[in-house]
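[1] what follows is a predicted protein model with its sequence.
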Amino acid sequence: MSDSRQGSRFRTYTEIVELVETLGKGVVEQHASDVDDKARFPEEAFAAFKEARLLSAMVPQSLGGDGLNIKQLCKLCEILGQYCASTAMVYAMHQIQVACLVNHALTSSYFQQYLADLVEHQYLLASATTELGIGGDLRSSICGLELEGDNFKLVKQAPVISYALNADAILVTCRANTDAAASDQVHVLVKTKKCEFEQIAGWDTLGFRGTCSSGYTLTAAGHVEQVIPAPFATILSKSMHPVSHVLWGSLWTGLAASAVKKARQAVRHAYRKNPDMPPVTSLRLSEVDELLFSMRGGLYQSIEEYQGLLDGDCDDAFTNFGFSIRTNNVKLRCSEMVVDIVGKALMIVGIMGYKNDSPVSLSRHIRDAYGAALMVNNDRIRGHNATMQIAMRDS
Ligand SMILES: Cc1cc2nc3c(=O)[nH]c(=O)nc-3n(C[C@H](O)[C@H](O)[C@H](O)COP(=O)(O)OP(=O)(O)OC[C@H]3O[C@@H](n4cnc5c(N)ncnc54)[C@H](O)[C@@H]3O)c2cc1C
């Protein structure tokens, strides 16, 4: 069976959530420390995800996928974020690429077939937007498609491509051709089997070690049908920008929730030891849970807004400054609140949380949490918001 049907029916969202919970508590958590220690790809988790057909969760049912929407995908990322933030991040980054294809490439028979093949073979997709000399500015590229008839060649100096060597394909941003302006960009799918990777940077980092985000000079070749048939500016505003920020925000929320859970375990433990007097840390626990509540509240508001716009088919709304600012706000707030929440959880858990080898260690949580603000630097995002704040109309 090449699609997500169980017998004569598609599996339900509830069944998928239960499956992800089981895999999270099982294979994902079991290998999380080793993935982090060795800065290696979470191969056991992804073998299990492929077996469970989770890489095609967002592909429409008409092409054999589960047809989940963004709100449902956010829930899956939040669950995975509780067990291993690197695994959750790789899953989220893959789904961002799938969303770009589902929302912008289905008018092309090439991409319809590609997504059907993704369902069958559970292809893993990576992304190369960041470029040497440009950094995280998504709206300009130095490299461009070198066109020769219907074929292209592309060379990109990419300082960071997560799990490039484990992926089946990479969606790359570049100029439409070598003479095009830096902002006249396209989004092209290149197959890793047909690429050359010359490593230019390693990935021995503080956190998100399992994303294996080394840098490469990427040399690719292909046919022009591999270019998504929509301007990258449209793909970015409708899909890549909002999907990235709500999926990342979701997995960071899972990471924060897991730290609060460890803090609660520590408070319960202290209470059992001395039931006559509530531990001082119970008040701290109450405070940190309020922060988690706010983080989730802002995130869910943003997810609801974005899902509503997608359901309402109102394409103009995605370029609206108010929507862009709120989408940036969710990234800014979640990426900074996760650090605050994990830090406060450490104060509650105390020295046992500080140890690397304790069952309530928060070491990986803290290191991963600090990566969130750097994934497209928060100051860069605040800079964009500052410009839009002045130009936007008050509602
Ligand atoms: C775990 C992880 C995985 C990643 N995976 C990928 C991937 O798969 N593919 C990919 O393409 N990229 C990936 N990235 C790269 C990421 O998305 C950013 O592009 C990259 O971190 C560079 O960000 P930056 O240029 O915004 O800022 P930095 O390089 O962090 O910027 C350095 C400094 O310059 C300042 N700065 C730079 N430009 C501006 C500006 N215009 N306005 C205000 N301040 C500015 C920043 O505020 C900061 O202080 C990953 C990053 C991480 C952390």
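    Sure, I can see it.
[2] so residue 157, which of the three states?
    strand (DSSP: H, G, I helix; E, B strand; the rest coil).
[3] my guess is it meets residue 131, correct?
    Yes - counting by Cβ atoms under 8 Å, residue 157 touches residue 131, with 6.1 Å between them. No exception for glycine: its C-beta is placed from N, CA and C like everyone else's.
[4] common neighbours of these two, please.
    Counting by Cβ atoms under 8 Å, 6 or more residues apart in numbering, the residues touching both residue 157 and residue 131 are 142, 143.
[5] so for these two, which residue has more residues nearby?
    residue 131 (22 against 18; other Cβ atoms under 10 Å).
[6] where do the strands sit along the stretch 151-300 of the chain?
    151-158, 169-175, 185-191, 196-201, 215-223 (DSSP state E, counting those that start in this stretch).
[7] please tell me how far residue 117 sits from residue 221.
    19 Å (Cβ to Cβ, to the nearest Å).
[8] next one: residue 62
    From residue 62 to residue 221 the distance is 31 Å (Cβ to Cβ).
[9] could you pull up phi and psi at residue 229?
    Reported as degrees, to the nearest 10, the phi and psi values for residue 229 are phi -80, psi 50.
[10] need the nearest residue in space to it, chain neighbours excluded.
    Excluding its sequence neighbours, the residue lying closest to residue 229 (Cβ to Cβ, 6 or more residues apart in numbering) is residue 108, at 5.2 Å.
[11] hang on, the earlier thing: more neighbours: residue 62 and residue 221, which one.
    Applying other Cβ under 10 Å to residue 62 and residue 221 shows that residue 221 carries more neighbours, namely 17 against 12.
[12] pretty sure that one contacts residue 151?
    Yes - using Cβ under 8 Å, residue 221 is in contact with residue 151, at 6.9 Å.
[13] hmm, stretch 356-375 in reach of the ligand?
    Yes - using Cβ under 6 Å from any ligand atom as the criterion, contacts between stretch 356-375 and the ligand involve 371, 374, 375.
[14] domain parsing for this structure?
    13-124, 126-228, 232-391 (the TED database).
[15] before we move on, the earlier item: reformat the strands of the stretch 151-300 of the chain as TSV; add mean pLDDT.
    Converted to TSV, the strands of the stretch 151-300 of the chain look like this (pLDDT from 0 to 100):
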stretch	mean pLDDT
strand 151-158	98
strand 169-175	98
strand 185-191	98
strand 196-201	98
strand 215-223	98
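[16] nearest to the ligand, of the ones you listed?
    Closest approach to the ligand among the strands of the stretch 151-300 of the chain is made by strand 151-158 (6.2 Å; Cβ to the nearest ligand atom).
[17] starting at the chain centroid, how far to the closest one?
    Centre-to-centre, strand 151-158 and its host chain are 24 Å apart (Cα atoms, centre = their mean, to the nearest Å).
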